[in-house]
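> Need a 3D model of the following:
(2 chains)
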2 protein chains.
Amino acid sequence: MTESDFIPGGTVTTPAGFSAGAVYAGIKKKGVDVLDLGIIYSREPCTVAGVYTTNKIKSAAVVVNQQRLAKGGMVSAIVANSGCANSSTGEQGLTDAIETTELAGKALGIAPEEVLVASTGVIGVRLPMDAIRKGINGVVLTPDGGHDFERAIMTTDTVPKEAAIAVKSGDTAFTIGGVAKGSGMIHPNMGTMLVFLSTDAAVTPDFLAESLRKAVDVSFNMISVDGDTSPSDTVILLANGLAGNDPVAAGNPLAGFFYRALESLCIHLAKAIARDGEGATKLIEVTVKKAVSIEQARRAARTIVSSNLVKAAVYGRDPNWGRVTAALGRSDVEIEEPKLDVMMAGITVLKKGRPVPFEREKAVKALERTEVPILVDLHLGAGEATAWGCDLTEQYVVINSAYTT
Amino acid sequence: MTESDFIPGGTVTTPAGFSAGAVYAGIKKKGVDVLDLGIIYSREPCTVAGVYTTNKIKSAAVVVNQQRLAKGGMVSAIVANSGCANSSTGEQGLTDAIETTELAGKALGIAPEEVLVASTGVIGVRLPMDAIRKGINGVVLTPDGGHDFERAIMTTDTVPKEAAIAVKSGDTAFTIGGVAKGSGMIHPNMGTMLVFLSTDAAVTPDFLAESLRKAVDVSFNMISVDGDTSPSDTVILLANGLAGNDPVAAGNPLAGFFYRALESLCIHLAKAIARDGEGATKLIEVTVKKAVSIEQARRAARTIVSSNLVKAAVYGRDPNWGRVTAALGRSDVEIEEPKLDVMMAGITVLKKGRPVPFEREKAVKALERTEVPILVDLHLGAGEATAWGCDLTEQYVVINSAYTT
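Below is the predicted model of the structure:
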């Protein structure tokens, strides 16, 4: 028998052997309870997998992590800061990112190569290394520190995003936990989004990488806040093996359980990011069914959930399905208009390509809920995908027209 | 000697032989001075070229026009309405569009096949044929009627967009005129945008089609308001030959003059559409230079000008160039970061990939102008392109969250 359940209050330090901590190092503007530098640490070195931004301009941290992971070593710690993205900072930025790993390595008594880094915040400004130095030495690691670490990576996020899942299968029990940040600039190909996942399961490096890639594809790559992506986006998964299981590998009995738990956790965190989009009041969930391929379903769902007009209509509780079909039509997927069904907030508005009369009052009422599902059925093939986003509000504009000034 | 000049007060009826008129037929909500149905008419049958939406879901008018133009006949009139897009209306929609051409043909004493149609407005609602019937019979055509016609096709547009250019080359003189509408849903691949162009030049059908395609590619396909496209987008160019010139054809002396005048007119109207984007306060002009190809320059310019974050930054007079490079980076064009230069509103903010210190006050001041140029130089090849868009404001959200309710 296998069980898997979200753990109340779970976070990235919930799996065995992980601890974390955070301080205010002086990178962000000072404020009550502000934290801006955090460390995640595992007492056993971890197998690691990472997925990074597809933006052609990458931050220094992304470059350094990619170089380290390419060498295939183990990882024991991640240092992350908010307030400065260390992006468009050239050679100096790389030097600063590497020095950060050296400082953390020294403080933790591990090799610098065992340390990964992540930075989020303003682009084009050098990391304040004095603050980083002092900050790293001030971090106190505790088994409960995931919550503080999460607060240290938040920027325009309004709520922390943390979760953990416990999996039990026969004699084997393991846990997967995670924290995430990201609210503006979130998009399918990874926005300014940082996600740190941890597990005490033993997992082979190949299966860990494959599982993370697959889970990211159906979760973080299916959310959109504003269509923009950032040079800093990062998802890292550490596995320290303290659960004592035979390493999870492709084809072995635990593989499916591990993957499904990881996927649930990633979707949970991805939805939390979409729901907390800058200025958002509603989560939009777009499902596209019976496309000719999964790839086409994904593209259609992402185009619809990214449409400013759809997002503004949902904000205004406007059952304006014409905007849904207009976005679908430009997503460059196969459509036969006479087969097309569309439902908004549970109400059928288009059936076989033709409008279905509905009570506007009822539809407006249905659109008042904080989670708005949009379902598109193409009736062509077997491809299905779901994407998540948020509504577009005046507050989004207010936040983003006054960011650095 | 060749001269070409914009004609003050020019419109689609400025070229010889064109007249137009408009009425309030009762398709839109009644209001002071509201017009919602218009006709353009040429006393000589015209050679015609059209460019249509790339959206997979096409309105009835687009389908009917494409079928007619595929047959290669001449066109003498265009009937256009606002208030109802006649889209997602199935067979009934096609029947209604065809009946509209029959009604206009009868009123004008020409064959229905010589009439094209265009509709803009709400999607999924049938054309009110009683109103169309009565409206068509009420239209009075005058040589000055282009202005009224323009008002009849406006929806959320706040200002009319009309212009005409006179070209004189030796003994030959001809005029090209046009009107345009479109403010929300405008995007490079054609938003809810209607553009009607007319000329008294004689032009071969092939050269007319080729010229229009090329001119649309550097004008209407390079503007973006919100990334959405509509099923109704249409650009139609009519040439009635009343200027009496030898038909303009590829390779003949007038070809270049004709094309350049057409391009100027299209860019003028395209910028007018971008400037009048829903809720917009500023025109943004993004030029990408020295890309490895024109195609890549076009893609990069359009991605930057479409970025919500760039648009919101310009609105907030925020010289946040990190958003420009983030959009550039995700546009999937070749970039070598150490070669990249960026200027915003005339101020160099990034040189060879590194931030250039600038006075924030001065930059904020420069961003106060109503036309904000953004220049990206990739220093890689010979590809260059310019795209136009507008800033993103709270008002855009207000307009689009309360459109049909």
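
> number of nearby residues for A:Ile374?
A count of neighbours around A:Ile374, defined by other Cβ atoms under 10 Å in any protein chain shown, yields 23. (Each C-beta comes from the backbone N, C-alpha and C, glycine too.)

> Point out the other helices and strands that the longest helix belonging to chain A packs with.
Assignment by DSSP state H gives helix A:254-275 as the longest helix of chain A. On a contact count with 3 or more Cβ pairs under 8 Å, 6 or more residues apart in numbering or on different chains; DSSP states H and E, helix A:254-275 meets strand A:2-6, strand A:161-169, strand A:172-181, strand A:194-199, helix A:205-218, strand A:223-224, strand A:283-291, strand A:383-390.

> how about 6 Å then?
When contacts are defined as 3 or more Cβ pairs under 6 Å, 6 or more residues apart in numbering or on different chains; DSSP states H and E, helix A:254-275 sits against strand A:161-169, strand A:172-181, helix A:205-218, strand A:223-224, strand A:383-390.

> CA atoms only for the third one, dumped as CSV, please.
Spelled out, that is helix A:205-218. What follows is helix A:205-218, C-alpha atoms only, in CSV (Å, rounded to 0.1, in the frame of the first residue of the first chain):
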residue,chain,number,x,y,z
PRO,A,205,21.1,11.2,-10.6
ASP,A,206,19.6,10.2,-13.9
PHE,A,207,16.1,9.6,-12.5
LEU,A,208,16.3,12.7,-10.4
ALA,A,209,17.0,14.8,-13.5
GLU,A,210,14.4,13.1,-15.6
SER,A,211,11.7,13.4,-12.9
LEU,A,212,12.5,17.1,-12.3
ARG,A,213,12.4,17.9,-16.0
LYS,A,214,9.0,16.2,-16.4
ALA,A,215,7.5,17.6,-13.3
VAL,A,216,8.6,21.2,-14.2
ASP,A,217,7.1,20.8,-17.6
VAL,A,218,3.6,20.2,-16.2
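
> For the helices and strands packed on helix A:254-275, state which one has the densest average packing.
The highest mean neighbour count among the helices and strands packed on helix A:254-275, using mean count of other Cβ atoms under 10 Å in any protein chain shown, belongs to strand A:223-224: a mean of 30.

> from the middle of its chain, how far away would it be?
With Cα atoms, centre = their mean, to the nearest Å as the basis, strand A:223-224 stands 9 Å off its chain's centre.

> Stretch A:207-219 too?
Centroid separation between stretch A:207-219 and its chain, computed with Cα atoms, centre = their mean, is 12 Å.

> Residues touching it, excluding its own?
Applying Cβ atoms under 6 Å, 6 or more residues apart in numbering or on different chains, the contact partners of stretch A:207-219 are A:47, A:49, A:51, A:235, A:237, A:239, A:248-250, A:259, A:262-263, A:266-267, A:270.

> One more pass at 8 Å, please.
A:47-51, A:197, A:203, A:235, A:237, A:239, A:247-250, A:255, A:258-259, A:262-263, A:265-267, A:269-270, A:385-386 (Cβ atoms under 8 Å, 6 or more residues apart in numbering or on different chains).

> just the helices in chain A please.
Counting by DSSP H, chain A has helices at residues A:60-71, A:90-108, A:129-138, A:146-153, A:205-218, A:254-275, A:294-306, A:308-315, A:321-330, A:360-366, A:394-400.

> Show me which of the contacts of stretch A:207-219 are buried.
A:47-51, A:197, A:203, A:235, A:237, A:239, A:247-249, A:255, A:258-259, A:262-263, A:265-267, A:269-270, A:385-386 (16 or more other Cβ atoms under 10 Å in any protein chain shown).

> and A:Thr142, how many residues sit next to it?
12.

> for A:Ile57, that is, sorry about that
Here the number of neighbours of A:Ile57 (other Cβ under 10 Å) works out to 24.

> And it, how far from B:Gly329?
Computed as Cβ to Cβ, to the nearest Å, the A:Ile57 to B:Gly329 distance reads 4 Å.

> try A:Lys352
42 Å.

> For chain A, name the helix or strand with the lowest mean pLDDT.
strand A:223-224 (a mean of 83; mean pLDDT, DSSP states H and E).

> elements contacting that strand?
Applying 3+ Cβ pairs under 8 Å, 6+ apart, we find strand A:223-224 packed against helix A:254-275, helix A:294-306, strand A:383-390.

> Out of these, the one nearest B:Glu285 is which?
Counting by Cβ to Cβ, B:Glu285 lies closest to helix A:294-306 out of the helices and strands packed on strand A:223-224; the figure is 24.3 Å.

> quick one: average pLDDT of the closest one?
Taken as a whole, helix A:294-306 has a mean pLDDT of 94.

> quick one, it and helix A:205-218 angle?
Counting by axes from the mean of the first three to the mean of the last three Cα atoms, to 10 degrees, helix A:294-306 lies at 50 degrees to helix A:205-218.

> Would you mark the buried spots in helix A:294-306?
Going by neighbour count (16+ other Cβ under 10 Å), the buried part of helix A:294-306 is A:294, A:296-306.

> any chance of those residues in a markdown table, plus distance to B:Thr192?
Shown next, in a markdown table, are the buried residues of helix A:294-306 (distance: Cβ to Cβ, whole Å):
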| residue | distance to B:Thr192 |
| --- | --- |
| A:Ile294 | 31 |
| A:Gln296 | 25 |
| A:Ala297 | 26 |
| A:Arg298 | 26 |
| A:Arg299 | 22 |
| A:Ala300 | 20 |
| A:Ala301 | 23 |
| A:Arg302 | 22 |
| A:Thr303 | 17 |
| A:Ile304 | 17 |
| A:Val305 | 21 |
| A:Ser306 | 18 |
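
> Against chain B, which of the residues you listed make the cut? List them.
Restricting the buried residues of helix A:294-306 to those touching chain B (Cβ under 8 Å from any Cβ of the partner chain) yields A:Ser306.

> that older thread, just send the helices of chain A back as CSV, with distance to B:Arg360 too.
As requested, the helices of chain A are arranged in CSV below (distance: least, Cβ to Cβ, whole Å):
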stretch, distance to B:Arg360
helix A:60-71, 24
helix A:90-108, 21
helix A:129-138, 22
helix A:146-153, 27
helix A:205-218, 37
helix A:254-275, 31
helix A:294-306, 32
helix A:308-315, 29
helix A:321-330, 38
helix A:360-366, 44
helix A:394-400, 18
